[in-house]
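**Student:** here is the input, now give the coordinates:
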Amino acid sequence: MKKNYIILFTLILGTGFFSCKTKSLSVKVLKPAEIFIPAHIKTLAVANRSLPAKGNGNQFRNVVEGILSGEELFLDREASERAISGLVNGLQNSPRFNVTVPDGLNLKGTGTATFPAPLNWQKISQICNNYSADALILLETFDSNTSRHFDSHQKTVKKDNKDITYTEYIASIDIAVNAGWRIYDPVNHKIIDQNIYVDHKGWDKKGRTKTEAENNLPKQADAVKEAGYYAGKRYARRISPTWIWVSRHYYIKGNDDFKNAKYKADAKLWEDAADIWKQYVNDPDYKIAGRACYNMALASEILGKFDIALDWAQKAYADYHLKDAKSYINILENRIRDAERLDRQMNN
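**Tutor:** Got it, this is the predicted structure:
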């Protein structure tokens, strides 16, 4: 199994105490995409086709719907552009693709939640050739819906040694974004992905009055545009491997050597730390042996040796009954499956 790129890109950022006997850390790992994009596609062009063409009646209909629903006029237009920005930003942070945004490309759709007819392949090939792209991603539908909710409950605080009870109000806003994407492959004349994805982004704010709680919420225009950007970022994660931060911890208590190994780990000298922990994986003290095996599993994972990491975690749980190791076994099994998918997505 090829994992060189995993080792290269696995980073450690910051540490904090998980408990008195362990130390926590954040590990940056590469998460595989949800769908597979063919190997020949390396550069993607991204454009917005969700806006209605002039004279097709949908612009007028959108204005009427905006007035009736209380939504700001043309807000979805701005939010759809933010969705494009979110997708581009997400793809730029991925090691899988290069991305380009064609300047001045004017593609119009229905302006509704209904997909327009696919672009013809001659047009797709022309766009891809003009912008040195291997495939074209279009946002072809975009619609947002806003819902608000208010709640309240009694809360008691102590002031001047007296319990004071008051009503706390909670205002919530939820933005549902329906974004329809298509990925066109001009080489094979195939639409790789065509789906409408629904993403929600919400906010909850508190206040002493209903008005105060509501005023603490973001303005609707800002919320919808942020939700559009979030929808674009989410789509980037669906189609491309993406870096994410995950939490891990390891044992720093056991004996004096565990303390020395902690300094090695803090300095990112994981092989040196592992040399210390390995001395105690068969220690007569079950607690020390279990912790040493667990730490060996973590060091192996960080070094990209997932199969070895799983062996150490299983030993920590099966031989020394370390409870933390049980959940870590599941995590490592998922990492092994993800690594196999990444091999296919990255190395093809």
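**Student:** the stretch 201-348 of the chain: helices as residue ranges?
**Tutor:** Secondary structure of the stretch 201-348 of the chain (DSSP state H, counting those that start in this stretch): helices at 210-215, 220-239, 256-266, 270-277, 286-302, 306-318, 324-342.
**Student:** return the most buried member of those.
**Tutor:** helix 286-302 (a mean of 24; mean count of other Cβ atoms under 10 Å). C-beta coordinates here come from the backbone N, C-alpha and C atoms, glycine included.
**Student:** which other helices and strands does that one contact?
**Tutor:** Contacting helix 286-302 under the criterion 3 or more Cβ pairs under 8 Å, 6 or more residues apart in numbering; DSSP states H and E are the following elements: strand 242-251, helix 256-266, helix 270-277, helix 306-318, helix 324-342.
**Student:** need the ones you listed in JSON lines with mean pLDDT and distance to Leu217, can you?
**Tutor:** Listed next are the helices and strands packed on helix 286-302 as JSON lines, based on pLDDT from 0 to 100; distance: least, Cβ to Cβ, whole Å:
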{"stretch": "strand 242-251", "mean pLDDT": "95", "distance to Leu217": "27"}
{"stretch": "helix 256-266", "mean pLDDT": "96", "distance to Leu217": "41"}
{"stretch": "helix 270-277", "mean pLDDT": "98", "distance to Leu217": "45"}
{"stretch": "helix 306-318", "mean pLDDT": "98", "distance to Leu217": "43"}
{"stretch": "helix 324-342", "mean pLDDT": "96", "distance to Leu217": "36"}
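**Student:** can you give me phi and psi for Leu138?
**Tutor:** Phi and psi for Leu138, reported as degrees, to the nearest 10, are phi -120, psi 130.
**Student:** and it, how many neighbours does it have?
**Tutor:** Number of residues near Leu138 (other Cβ atoms under 10 Å) recorded here: 26.
**Student:** for it, give me its contacts.
**Tutor:** Val46, Ala47, Asn48, Arg49, Leu107, Leu119, Trp181, Arg182, Tyr184 (Cβ atoms under 8 Å, 6 or more residues apart in numbering).
**Student:** from those residues, which land in helices?
**Tutor:** Among the contacts of Leu138, no member is found in helices (DSSP state H).
**Student:** now intersect the residues you listed with the strands, please.
**Tutor:** Members of these lying in strands (criterion: DSSP state E): Val46, Ala47, Asn48, Trp181, Arg182, Tyr184.
**Student:** what sits opposite the third one in the beta ladder?
**Tutor:** When assigned by DSSP bridges, Asn48 has beta-bridge partners Leu139.
**Student:** give me the domain ranges for this protein.
**Tutor:** 4-28+250-347, 43-143+177-204+214-240 (automatic domain parsing).
**Student:** could these be laid out in TSV, adding distance to His149?
**Tutor:** Formatted as TSV, the domains of the chain follow (distance: least, Cβ to Cβ, whole Å):
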stretch	distance to His149
domain 4-28+250-347	33
domain 43-143+177-204+214-240	9
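**Student:** and Lys162, which of the ones you listed is closest to it?
**Tutor:** domain 43-143+177-204+214-240 (27.0 Å; Cβ to Cβ).
**Student:** I'd like the helices of the stretch 201-348 of the chain as CSV, with distance to Ser80 appended.
**Tutor:** Formatted as CSV, those follow (distance: least, Cβ to Cβ, whole Å):
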stretch, distance to Ser80
helix 210-215, 27
helix 220-239, 6
helix 256-266, 46
helix 270-277, 45
helix 286-302, 40
helix 306-318, 40
helix 324-342, 30
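**Student:** which one of the ones you listed lies closest to Ser247?
**Tutor:** Per Cβ to Cβ, nearest to Ser247 of these: helix 324-342, 10.2 Å.
**Student:** go ahead and name everything in contact with the closest one.
**Tutor:** 1, 3, 5-6, 29-32, 241, 249, 290, 293-294, 297, 301, 306-307, 309-310, 313-314, 316-317.
**Student:** strands of the stretch 51-200 of the chain, start to end?
**Tutor:** In the stretch 51-200 of the chain, the segments counted as strands under DSSP state E, counting those that start in this stretch are 98-100, 135-159, 162-185, 190-207.
**Student:** I'd like to know which of those lies nearest to Ser24.
**Tutor:** strand 190-207 (26.7 Å).
**Student:** relative to strand 135-159, how tilted is the closest one?
**Tutor:** 20 degrees (axes from the mean of the first three to the mean of the last three Cα atoms, to 10 degrees).
**Student:** any idea of the angle strand 190-207 forms with helix 220-239?
**Tutor:** Orientation check (the same axes, to 10 degrees): strand 190-207 against helix 220-239 gives 140 degrees.
**Student:** can you dump the C-alpha atoms of strand 190-207 in CSV for me?
**Tutor:** Taking C-alpha atoms only, strand 190-207 is exported to CSV below (Å, rounded to 0.1, in the frame of the first residue of the first chain):
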residue,chain,number,x,y,z
LYS,A,190,-19.8,11.9,-19.6
ILE,A,191,-21.4,13.7,-16.8
ILE,A,192,-19.5,12.4,-13.8
ASP,A,193,-21.8,13.8,-11.1
GLN,A,194,-25.2,15.4,-11.3
ASN,A,195,-27.1,15.9,-8.1
ILE,A,196,-28.8,18.5,-5.9
TYR,A,197,-27.1,18.6,-2.5
VAL,A,198,-28.9,20.2,0.5
ASP,A,199,-26.7,21.8,3.1
HIS,A,200,-27.8,23.5,6.3
LYS,A,201,-26.0,26.1,8.3
GLY,A,202,-27.5,27.5,11.5
TRP,A,203,-27.0,29.9,14.3
ASP,A,204,-28.3,30.1,17.9
LYS,A,205,-28.1,33.3,19.9
LYS,A,206,-29.2,34.1,23.4
GLY,A,207,-30.6,37.3,25.1
